[in-house]
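In: got a predicted structure here, sequence first:
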Amino acid sequence: MEMKTNGWQPKIVAFFCNWCTYTAADLAGVSRMKYAPNIRIIRLMCSGRLDPQFVMAAFARGADGVLIGGCHPGDCHYVEGNYKTLRRMTLLKRMLADLGIEEDRCRLEWISASEGDKVKWVVNDMTEKLRALGPLDLPGKHKEWDAEMEALEKEVQTQQEGEPSHVH
Amino acid sequence: MSTKPKIGFYWCASCGGCEESVVDLAEDVLMVTGAVDIIFWPCAMDFKKADIEAMPDKSIVATLLNGAIRSSEQEEMAHLLRRKSQVLIAYGSCAHTGGIPSLANQFTREQIMKFVYEDAPTMVNDQKTHPQPHSRDNGHELEIPVLRNVVRALDQVVDVDYYIPGCPPTPKLLKEAVLALLSGKLPPKGTVLAPDHAVCQECLRNDSKPQDISLTEFKRPHEIIADPEKCLLAQGLACMGPATRGGCDAVCIKGNMPCTGCFGPVSRVHDHGAKILSYLASTAAGKEEDEISATLAGIPDPVGTFYRYGLAKCLLRGKVS
């Protein structure tokens, strides 16, 4: 298996709805299907619970990709939840592109409770695509951005140590 | 020497609007100047950096610093004022969340410098001269500050005690903050000194906001004459009120203009723009992707619209590649 950097493997945070996609992942498990171990699944009651903040937080904390799985249109346990997800994801994907996040890093899939094989296929496919893209590593990038402040901060600290402190 | 508490004002990457908001206190500015000594205010009074350096640490009761931090000089001043002040207050959107200047985080420093010094339509610069941090002129060594790679909110550079939001903050909030400082009745450190509810809660049109909003088209303010009584969001204007902190008395909506989000998020929200995106996108009508996309095309610049005052505080902090 080809790897982009030393031992790096893509990390995918997956938000699956309780009624369809999570059940499908369960089915994939009990059917002993083998698929890439790169996802960490978070179960939501409905894909409509997915606040776009979750996606932003996942990337900011080091995810290479975010996968959202919900019921097929028309099949939502809560009738309308997945339509709200579709609307939010449509705009979120556009905004993420403007912020320099590649399209393949954020993916929405409709996977019903009986589609264990689709879970397998989607996770494998996404893992391959992320492997080709390489790490996103936002925590590392942010650290790199802030390195420019280190010299001045150090200078300020030595100044403070050299002078008497006036604690209020 | 006066024993009145010492207060400082300072500006970094800002437009001057925050300074104006101090003047907007009108007669109340006399109450403020009567109760405190303003020891530093470069916009209005002649004090120098050296005056501040000569003061003992923590001898300023409070410094209200406005503007984002984007140059080495501003960073240095933030450190100096932090050290000399008991309380450091991030004043206004730019210091609080990065403000308009942090929209520059969509571009690299090189792109910005090239545009400003070479490509801008108003620029004539055949030699492609760029400012240099160090230079010599007539035997003198000259130094200017450097632009940082990213624009930061104040608390991304130094420790901040309180925040006063707004672009600019309203005189009412400033007055309340000064009174709280003088009485010593301050809330826990890290508090935003404004109510912790959404703009909608103080909006006079809140009753006209329908339970469900389903829009087939987003309109921009110049494209319609909005009904002055009805909820602007229900009229198709992208109003940020539902996801933005109140405290402004919905002043823009009173002027028949939608909220643009300058007070930042309420305390439970971690990413203001993502939260705005969440409710605004879910108001789009339709169940088919094409239909939804067509409606949402009415928001041509999601980053500039949702993070107008706070790209520095977006969880991604700017364009990442």
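Out: Here it is on my side, so go on. Keep in mind the model is a prediction, meaning the values are calculated, not measured.
In: what's the helix or strand for the residue nearest the centre of chain A?
Out: Nearest to the mean C-alpha position of chain A, by C-alpha atoms, centre = their mean, lies A:V66 at 2.8 Å. Using DSSP states H and E, A:V66 sits within strand A:65-70.
In: which elements pack onto that strand?
Out: The elements that strand A:65-70 packs onto, with contact taken as 3 or more C-beta pairs under 8 Å, 6 or more residues apart in numbering or on different chains; DSSP states H and E, are strand A:12-17, helix A:21-30, helix A:52-60, helix A:81-98, strand A:106-110, helix A:116-133. Bear in mind the C-beta positions are built from the backbone N, C-alpha and C, glycine included.
In: okay if I get those as a markdown table plus mean neighbour count?
Out: Listed next are those as a markdown table, based on neighbours: other C-beta atoms under 10 Å in any protein chain shown:
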| stretch | mean neighbour count |
| --- | --- |
| strand A:12-17 | 25 |
| helix A:21-30 | 20 |
| helix A:52-60 | 22 |
| helix A:81-98 | 22 |
| strand A:106-110 | 21 |
| helix A:116-133 | 19 |
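In: go through the ones you listed and name the closest to B:V36.
Out: With C-beta to C-beta as the criterion, B:V36 lies closest to helix A:52-60 of those, at 39.6 Å.
In: right, is the closest one up against chain B?
Out: Yes - applying C-beta under 8 Å from any C-beta of the partner chain, one finds helix A:52-60 in contact with chain B at A:P52, A:Q53, A:V55, A:M56, A:A57, A:F59, A:A60.
In: tell me the one of the residues you listed nearest B:A238?
Out: Of the residues of helix A:52-60 next to chain B, the one sitting nearest to B:A238 (C-beta to C-beta) turns out to be A:P52, at 15.6 Å.
In: ok, that closest one - contacts?
Out: A:R88, A:L92, B:D271, B:A274, B:K275, B:L277, B:S278 (C-beta atoms under 8 Å, 6 or more residues apart in numbering or on different chains).
In: the strand holding A:V66 pairs with which strands?
Out: When pairing is defined by DSSP bridges, strand A:65-70 lines up against strand A:12-17 (parallel), strand A:106-110 (parallel).
In: pLDDT (mean, whole number) over the first one?
Out: By that I understand strand A:12-17. Average pLDDT, strand A:12-17: 98.
In: for B:M31, phi and psi?
Out: phi -60, psi -40 (degrees, to the nearest 10).
In: burial count for it?
Out: By other C-beta atoms under 10 Å in any protein chain shown, the residues close to B:M31 number 14.
In: what of B:P101?
Out: Look at B:P101: counted by other C-beta under 10 Å, it has 22 neighbours.
In: helices along chain B, start to end?
Out: B:17-23, B:28-35, B:49-53, B:72-84, B:92-97, B:109-114, B:171-183, B:199-202, B:251-254, B:272-282, B:289-296, B:302-306 (DSSP state H).
In: residues of the third one that come out buried?
Out: So the one you mean is helix B:49-53. Under the neighbour-count criterion of 16 or more other C-beta atoms under 10 Å in any protein chain shown, helix B:49-53 has B:I52 buried.
In: which strands and helices sit next to it?
Out: Contacts defined by 3+ C-beta pairs under 8 Å, 6+ apart place helix B:49-53 against strand B:37-40, helix B:72-84.
In: that older thread, next, format the strands paired with strand A:65-70 as JSON lines and append distance to B:F263.
Out: Below are the strands paired with strand A:65-70 laid out as JSON lines (distance: least, C-beta to C-beta, whole Å):
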{"stretch": "strand A:12-17", "distance to B:F263": "30"}
{"stretch": "strand A:106-110", "distance to B:F263": "29"}
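In: got a pLDDT number for the spatially closest residue to B:C252 that is not a sequence neighbour?
Out: Once flanking residues are discounted, B:C252 sits nearest to B:C259: 5.6 Å by C-beta to C-beta, 6 or more residues apart in numbering or on different chains. Predicted confidence (pLDDT) at B:C259: the value is 98.
In: okay, now B:C259: neighbour count?
Out: Residues contacting B:C259 under the criterion other C-beta under 10 Å number 27.
In: wait, doesn't B:V29 sit right on B:V23?
Out: Yes - counting by C-beta atoms under 8 Å, B:V29 does reach B:V23; the two are 6.8 Å apart.
In: next up, the contacts around the residue nearest the centre of chain B.
Out: Nearest residue to the geometric centre of chain B (C-alpha atoms, centre = their mean): B:S93, 1.5 Å. With contact set as C-beta under 8 Å, 6+ apart, B:S93 has these partners: B:G99, B:I100, B:P165, B:G166, B:C167, B:P168, B:C262, B:F263, B:G264, B:Y309, B:G310.
In: again, only using 6 Å
Out: B:G99, B:C167, B:C262, B:Y309 (C-beta atoms under 6 Å, 6 or more residues apart in numbering or on different chains).
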